[in-house]
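Q: the following block contains a protein sequence and its predicted model.
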Amino acid sequence: AAALSERAVALAAAAGPVELDAAPLAASLDDRYGRRHTYLRISLTERCSLRCTYCMPADGVSLTDARRLLSAEELLRLAALFVRAGVDKIRLTARPT
């Protein structure tokens, strides 16, 4: 886990400044039951070694072309938008689901 954290910090530094202190967005992340969501989990991969039947069936899955995946800078900008929408905890994970 420490290596992932160090990697995330390195990617953030390489991506340059992100507007985290911009004004909050008018919309919040409320679901249809009125629950406010303040936690975001971002998967850094779609590959998983756990082989769970719901995400990795026996016949396999087709993976997304790398050119269609978000770059580190795009992930940081997306995370910044979620922070502006009220997210106060973001977890980076190496599991796809």
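A: Here it is on my side, so go on. From a predicted model like this one, the values you see are computed outputs, not experimental measurements. Residues are numbered from 1 along each chain as shown.
Q: next structured bit after the lowest-mean-pLDDT helix or strand in the chain?
A: The helix or strand of the chain with the poorest confidence is helix 2-15; it has a mean of 53 (mean pLDDT, DSSP states H and E). Downstream of helix 2-15, the first helix or strand assigned by DSSP states H and E is strand 39-43.
Q: could you give me the buried positions within that next one?
A: Buried residues in strand 39-43, counted by 16 or more other Cβ atoms under 10 Å: residue 40. Bear in mind the C-beta positions are built from the backbone N, C-alpha and C, glycine included.
Q: show me what that strand packs onto, helices and strands only.
A: In terms of contacts (3 or more Cβ pairs under 8 Å, 6 or more residues apart in numbering; DSSP states H and E), strand 39-43 is packed against helix 72-84, strand 89-93.
Q: give the rounded mean pLDDT of that strand.
A: Average pLDDT, strand 39-43: 89.
Q: low-confidence ranges in the chain?
A: Along the chain, segments meeting pLDDT under 70 span 1-27, 48-49, 51, 54-55, 96-97.
Q: how close does residue 30 sit to residue 78?
A: 19 Å (Cβ to Cβ, to the nearest Å).
Q: same check on residue 68?
A: As judged by Cβ to Cβ, residue 68 and residue 78 stand 15 Å apart.
Q: so the two - more neighbours on which side?
A: Neighbour count, other Cβ atoms under 10 Å: between residue 68 and residue 78, residue 78 has more, with 15 against 6.
Q: chain neighbours aside, what residue packs nearest to the more buried one?
A: Of all residues not flanking residue 78 in the chain, residue 70 sits nearest, at 6.9 Å (Cβ to Cβ, 6 or more residues apart in numbering).
Q: run a quick neighbour tally on that neighbour.
A: Neighbours of residue 70 (other Cβ under 10 Å): 12.
Q: nice, that's everything, thank you.
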